[in-house]
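**Student:** Pasted the sequence and its predicted model underneath.
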Amino acid sequence: MSDAYVVGIDMLKFQKAGTAKSVQDLGGRVALLALQDAGLTIQQMEALYCGNLYQAGAMVGQRILQEIGQTGIPVVNVANACATGATAFREAWMAIQAGAYDLVLAVGVEQMSAGLLGGGGGAKGIPKEGLLGSATMPAVFAEAGQEHARKYGTTFEQFAKVSVKNHHHSTLNPKAMYQIETPLETVMNAEMIAYPNTKLMCSVNVDGAAAAVLASEKKAKELGLMKRAVRIKASVMTSDPWQERDLVMPDVNTCTRNAAKKAYEMAGIGPEDLSLVELHDCFATAEILHYENLLLCGEGEAGRMIDTGAVALGGKIPVNVSGGLLSKGHPLGATGIANIYEVSTHLRGEADKRQVPNARFGLTHVIGLGSACGIHVLEKVA
Amino acid sequence: MASEAAARPLPVVDFLKIPDAGEPYLEGTRCKACGSVYLGERSACSKCGAVGQLEPKRLANEGELYVYSIVHRSFPGVQVPYVSAVVDLKGGGTVKGNLIGIDPSPEKIKMGMPVRVVFQDALGRKDRDGNSYLSYFFEPA
C-alpha cells in the first residue's frame, strides 16, 4: 500500500448561517478552488466523496457536479454527524489506499440555521426538553465538562480561557467567521447558555465548505505535485464502546481516546512530535477534555495546560490556530475537511500571520455525537 | 380530544412504571451474563452482546448527583433556568432529569450530593389528546 497525499485543498470563508446561495453552490465553488490549488480539473477526478448532514439523502455530491461538470464519475454521499467531513475525506483516502483510484475529490459542505442544536427528542407523548433535563448540545457538553471539573477541579475560568485563546487565534485567520478579540471578562460575562458554557463558549453556526484533492503517490509524482503535497500518515474512525452512563450522558471521551491511540500507532509518531492540532472545540468545555483524550497532556492536567499558554500560538503545542469552531465557525459537514485545510496550510508554510514555525506533523480531530470520531495525522513532504 | 383523555396520567417514558397498586418506579434492564444495568429494552446486551440474558430490574429511588448543568437558554416555551442532572442510582442505572428543590446556582449544587427520585406531574404538559403525564424528578435527599 502506497501513501496517499493531499495535493489540493481550500475552504471558503465561513459566513453567517443561512446566507449562502445554496449547498451545491458552496460545494461547487470550493471544489473548483481545491482543483485549482492542485492545478487539476474535474475531468481528471475519478470519484467524488461528499459530506453533508442536513441535506443527507438529497444527493448533494451529484448536485455539486451539476455546478462544475457532470463527468459521470461515482459519487458517494456521506453523513456522520459532526464527523461528516472527516468521513468523506477518509472514504476518499481509503479508495486510494485500496488502489481503486489515483485521483479523487472530497467535499464537505453545510448550510446551517441559527439557534440551538439537539434536544428535539422523540415524537411520542410530550416534549421532554426541560422536563427530563436537557438534550441541547450546550448542556450535553456542559455536563461532559462538569465531569472533568468533578474529577480534577477544573474551573469555569479555565473553560472560558479556551474561548479567549481561540477567538484570539481567529483574528489572524481571514477565513474565520469572526476576527474579534474576546477578553476573559467578556467571555465569562456573556449570556449563560448552559453552565459553565456561556454564549461565547459555544461554537458558531455558519455556512461553509471545504474540499480536498487526494492523490496516490504514483500519480502525485507523475503530475509533479509533490512539492506542496501533504502526506496522510494516519486516518482513523471509531464509534462509542459501551459505557455505563452513555445512554443519558454521551461519552465524548472514549471514542477519541481509542482513535488517538490508533492514529499515533499508524503514523508511527507520538503526541510530542506534533507541531499543531485542530480539535473539536464545539464547546469550550470539550476542548479541555480533548487535550487529555489526544494525549497532549497527562490525566487531569488539561486545566493547567490552558493556564500555561502551551496550547496557544507560540506555545509548545498550538491548538485550534484557525480560531476553532468557537470563532472560525462550525458548518457541521464541512468542519472535518476545514480542519485538514488548516493543518495542511501550516505544513505547506502558507499560513501567513498565524503560521506555526517549522510545522512538520499536524493532527485533526472531530467527533460526531451518536457517535463517531475521525482523526487524521498529516505530514509535511517537501 | 380532552374528553377521551385517560383518567390516569401516562408515564413520561417507557422506563417509568405505574403499577395498579403501589408506588411508581423506574425500571432498567439487567444483563444476567455481565451484570450491567441500563435503561430501555434491547435485542441483546449492549455491553457484552449476550442474547436472551436480559431481565427487568426495578431501580432504586436513592442515588447521587454525578454531574449537572444549569440551563439558561432552551427552546421556546421551556421555562428556564433549570438544572439538568445526571444521577447514578444505588444498585446500578444512570438517569437524566431535572434537579428540583434547590437554587439553580453552582454555589448550591454539589456534585456527589445525595438525591432521591420523586414522581410528579410533568410540569403540566399534555399531549394533543389532552393526556396528563407522570414524570420523575430529583430532589436533594
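**Tutor:** In hand now; what should we look at?

**Student:** Could you use CA atoms for every contact and neighbour count after this?
**Tutor:** OK.

**Student:** any idea how far the most centrally placed residue in chain A lies from residue B:41?
**Tutor:** Centroid check for chain A by C-alpha atoms, centre = their mean gives residue A:336 as the closest residue, at 3.5 Å. Note on residue A:336: its distance to residue B:41, by C-alpha to C-alpha, to the nearest Å, is 34 Å.

**Student:** likewise residue A:268?
**Tutor:** 42 Å.

**Student:** Looking at those two, which is more packed in?
**Tutor:** residue B:41 (16 against 11; other C-alpha atoms under 10 Å in any protein chain shown).

**Student:** Surely that one touches residue B:31?
**Tutor:** No. Counting by C-alpha atoms under 8 Å, residue B:41 sits too far from residue B:31 to count as a contact (10.9 Å).

**Student:** and the lowest-mean-pLDDT helix or strand in chain B, which residues are buried?
**Tutor:** Least confident helix or strand, chain B: strand B:37-39 with a mean of 91, by mean pLDDT, DSSP states H and E. Burial within strand B:37-39, assessed by neighbour count using 16 or more other C-alpha atoms under 10 Å in any protein chain shown, is assigned to B:37-39.

**Student:** Check which strands are paired with whichever helix or strand comes after that strand and give the direction for each one.
**Tutor:** The element immediately downstream of strand B:37-39 (helix or strand, assigned by DSSP states H and E) is strand B:54-58. Strand B:54-58 pairs in its sheet with strand B:25-31 (antiparallel), by DSSP bridges.

**Student:** what's the average pLDDT for the partner strand?
**Tutor:** Here strand B:25-31 scores 95 as its mean pLDDT.

**Student:** Can you dump the C-alpha atoms of that strand in PDB for me?
**Tutor:** Provided in PDB are the C-alpha atoms of strand B:25-31 (Å, rounded to 0.1, in the frame of the first residue of the first chain):
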ATOM      1  CA  TYR B  25     -40.800   3.300  39.900                       C
ATOM      2  CA  LEU B  26     -38.100   3.400  37.300                       C
ATOM      3  CA  GLU B  27     -37.200   0.200  35.600                       C
ATOM      4  CA  GLY B  28     -33.900  -0.700  33.900                       C
ATOM      5  CA  THR B  29     -32.600  -3.800  32.200                       C
ATOM      6  CA  ARG B  30     -30.000  -6.000  33.800                       C
ATOM      7  CA  CYS B  31     -27.800  -8.500  31.900                       C
END
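
**Student:** Show me how far it is from its chain's centre.
**Tutor:** How far strand B:25-31 lies from its chain's middle: 11 Å, per C-alpha atoms, centre = their mean, to the nearest Å.

**Student:** by contact count, what packs against the longest strand along chain A?
**Tutor:** In chain A, assigned by DSSP state E, the strand with the most residues is strand A:206-216. In terms of contacts (3 or more C-alpha pairs under 8 Å, 6 or more residues apart in numbering or on different chains; DSSP states H and E), strand A:206-216 is packed against strand A:4-11, strand A:15-16, helix A:23-38, helix A:84-97, strand A:103-110, helix A:332-347.

**Student:** Identify the residues contacting residue 125.
**Tutor:** With no chain named, the answer covers chain A. For residue A:125, the contact set (C-alpha atoms under 8 Å, 6 or more residues apart in numbering or on different chains) comprises B:12, B:127.

**Student:** Correction: the question concerned chain B.
**Tutor:** So, once contact is read as C-alpha under 8 Å, 6+ apart, residue B:125 ends up touching A:126-127, B:132-133.

**Student:** Helices of the stretch 101-250 of chain A, start to end?
**Tutor:** Here the stretch 101-250 of chain A has its helices, by DSSP state H, counting those that start in this stretch, at A:137-152, A:156-170, A:184-189, A:217-222.

**Student:** Could you say which of those is packed most deeply?
**Tutor:** Of all the helices of the stretch 101-250 of chain A, helix A:156-170 has the most neighbours on average by mean count of other C-alpha atoms under 10 Å in any protein chain shown, namely a mean of 25.

**Student:** and that helix, what's its mean pLDDT?
**Tutor:** On average, helix A:156-170 scores 98.

**Student:** Using CSV, write down the CA coordinates of that helix.
**Tutor:** These are the backbone C-alpha positions of helix A:156-170, laid out as CSV (Å, rounded to 0.1, in the frame of the first residue of the first chain):
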residue,chain,number,x,y,z
PHE,A,156,-15.3,28.0,34.9
GLU,A,157,-12.4,30.4,34.3
GLN,A,158,-10.2,27.7,32.8
PHE,A,159,-13.0,26.6,30.5
ALA,A,160,-13.5,30.3,29.5
LYS,A,161,-9.8,30.7,28.7
VAL,A,162,-10.2,28.2,25.8
SER,A,163,-12.6,30.6,24.2
VAL,A,164,-10.3,33.6,24.7
LYS,A,165,-7.5,31.7,23.1
ASN,A,166,-9.4,30.5,20.0
HIS,A,167,-11.0,33.9,19.5
HIS,A,168,-7.6,35.5,19.6
HIS,A,169,-6.3,33.0,17.0
SER,A,170,-9.2,33.8,14.7
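
**Student:** Check which helices and strands that helix is in contact with.
**Tutor:** helix A:184-189, helix A:284-293, helix A:302-308, helix A:324-327.

**Student:** now do 6 Å
**Tutor:** Helix A:156-170 sits against helix A:284-293, with contacts defined as 3 or more C-alpha pairs under 6 Å, 6 or more residues apart in numbering or on different chains; DSSP states H and E.

**Student:** Test my guess that residue B:115 contacts residue B:61.
**Tutor:** No. The criterion here is C-alpha atoms under 6 Å, and residue B:115 misses it with residue B:61 at 8.5 Å.

**Student:** So for those two, which sits in the more crowded spot?
**Tutor:** Between residue B:115 and residue B:61, residue B:115 has the larger neighbour count (other C-alpha under 10 Å), namely 21 against 15.

**Student:** Assign the more buried one to helix, strand or coil.
**Tutor:** strand (DSSP: H, G, I helix; E, B strand; the rest coil).

**Student:** Same check on the one 5 residues further on?
**Tutor:** Residue B:120 carries the three-state label strand when classified by three-state DSSP.

**Student:** give me the number of residues near it?
**Tutor:** So residue B:120, with other C-alpha under 10 Å, has 12 neighbours.

**Student:** Over to residue A:23?
**Tutor:** Other residues lying near residue A:23 total 22 when counted by other C-alpha under 10 Å.

**Student:** next one: residue B:64
**Tutor:** Using other C-alpha under 10 Å, residue B:64 is surrounded by 21 other residues.

**Student:** who are the neighbours in contact with residue A:16?
**Tutor:** Shown in contact with residue A:16 (C-alpha atoms under 6 Å, 6 or more residues apart in numbering or on different chains): residue A:206.

**Student:** try 8 Å
**Tutor:** Contacts of residue A:16 by C-alpha under 8 Å, 6+ apart are A:177, A:205-207.

**Student:** residue with max distance from the center of chain A?
**Tutor:** Distance to the chain centre peaks in chain A at residue A:125, reaching 36.0 Å (criterion: C-alpha atoms, centre = their mean).

**Student:** okay, that residue: pLDDT?
**Tutor:** pLDDT, read off for residue A:125, is 87.
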